[in-house]
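Peer 1: okay, here's the prediction I keep looking at, along with the sequence it came from:
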Amino acid sequence: MRKIPTVFVRDPVNPKTVTETVTPGCEWVFAGEGVPTVKHDGTAVLIRGGKPFKRFEVKAGKPTPPDFEPAQDAREDTGGTPGWIPVADTPDNKWHIEAWNHGGSTLSDGTYELMGPKVQGNPENLKDHVLWRHGADRILNLPSAITHASLAEYLRQMGALGTPIEGIVWHHLDGRMAKIKSRDFGLPWPPRKEPGETSAIDPELPKIVEELRRKFQSTTEALERERGETARLRELLVDETARRMHVEANSYNEGLEWEEAGEMAKNGNKLVAGRLAEIRELAREHLASRL
């Protein structure tokens, strides 16, 4: 997973905040081409081939672990190389293993955020360690006009309403991503927690979301198969109807009246329409039995 660029250029005087200048290459965000999602505060995890990998950065001048997989070239700012290493069953991966055993092993390939009581100070006040799919939480109420001021105000209001978020990540259809964080506008993060406060996020939700995603994908694939089968049956029916009409027509003598031929064609069209209706009904019943 490559380092995601911030949509605004950082302030050279105070690098913790951003200016109003759009970062080159992030213009697509302001053109409305990306899907905005909630940025959660944890640590990235990759699931590939049913196995978990954790984010790891090889510092400049430090030895590279033998099982390290770089995700990009060395960073210009630090010289470090971000990438992945397998999550081994060792004490330093305790929380990764806990999340993996708490439903993570059932998740499909992709990138996730590890969150929980012992990760990043647990800003979302979760009771358990979980893996949350990147891009799963779409933001539907973002201002239509995306500007420096509107994004800052949106994140400020989220905090004022008691639902603060670390930031926003935009996902482009071609795979590009861009981000902005509350701290980039000088807003407080992580939010202050009250004693005994728990998160509104149910730790079971990642599994529920993943199951719904799988059902949706299965349904979509089933529909495509049924469409293909219906089209094939329609072609066979039309061909067979045409063949039979041709045979019947040839059985008439040469003195067949044109009106009679026209009537026979109408009857053939009705037959085709009736059989197509039967096929559609059978397809709907077949699909319903699969869901």
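Peer 2: Structure's in. What do you need?

Peer 1: and the gap between residue 144 and residue 150?
Peer 2: Residue 144 sits 9 Å away from residue 150, going by CB to CB, to the nearest Å. Where you see a C-beta, it was placed from the backbone N, CA and C, and this is true even at glycine.

Peer 1: neighbour count winner among the two?
Peer 2: Neighbours were counted for residue 144 and for residue 150 using other CB atoms under 10 Å; residue 150 has more, 13 against 6.

Peer 1: excluding chain neighbours, what is closest to the more buried one?
Peer 2: Among residues not flanking residue 150 along the chain, residue 143 sits closest, at 4.1 Å (CB to CB, 6 or more residues apart in numbering).

Peer 1: next: residue 72.
Peer 2: residue 2 (4.4 Å).

Peer 1: residue boundaries of the helices in the chain?
Peer 2: Along the chain, the segments classed as helices by DSSP state H run 27-30, 94-101, 148-160, 205-251, 258-290.

Peer 1: rewinding a little: go ahead and confirm the residue nearest to residue 72 touches residue 70.
Peer 2: No. Using CB atoms under 8 Å, residue 2 makes no contact with residue 70, being 10.0 Å away.

Peer 1: bridged to residue 58, which residues?
Peer 2: residue 81 (DSSP bridges).

Peer 1: roughly how far apart are it and residue 76?
Peer 2: 15 Å.

Peer 1: who has more neighbours, these two?
Peer 2: Counting neighbours by other CB under 10 Å for residue 58 and for residue 76 shows that residue 58 has the greater number, 18 against 6.

Peer 1: list the residues that contact the more buried one.
Peer 2: Applying CB atoms under 8 Å, 6 or more residues apart in numbering to residue 58 gives the contacts 64-65, 68, 70, 80-81, 83.

Peer 1: would you list the buried entries among those?
Peer 2: With burial judged by 16 or more other CB atoms under 10 Å, the buried subset of these is 68, 80-81, 83.

Peer 1: biggest separation within these, which pair?
Peer 2: Greatest spacing in these, by CB to CB: 68 and 80 (11.8 Å).

Peer 1: quick one on the thing from earlier: so can I have JSON lines of the contacts of residue 58 showing pLDDT and distance to residue 117?
Peer 2: Shown next, in JSON lines, are the contacts of residue 58 (pLDDT from 0 to 100; distance: CB to CB, whole Å):
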{"residue": "64", "pLDDT": "92", "distance to residue 117": "31"}
{"residue": "65", "pLDDT": "91", "distance to residue 117": "27"}
{"residue": "68", "pLDDT": "94", "distance to residue 117": "28"}
{"residue": "70", "pLDDT": "92", "distance to residue 117": "31"}
{"residue": "80", "pLDDT": "90", "distance to residue 117": "28"}
{"residue": "81", "pLDDT": "92", "distance to residue 117": "30"}
{"residue": "83", "pLDDT": "93", "distance to residue 117": "27"}
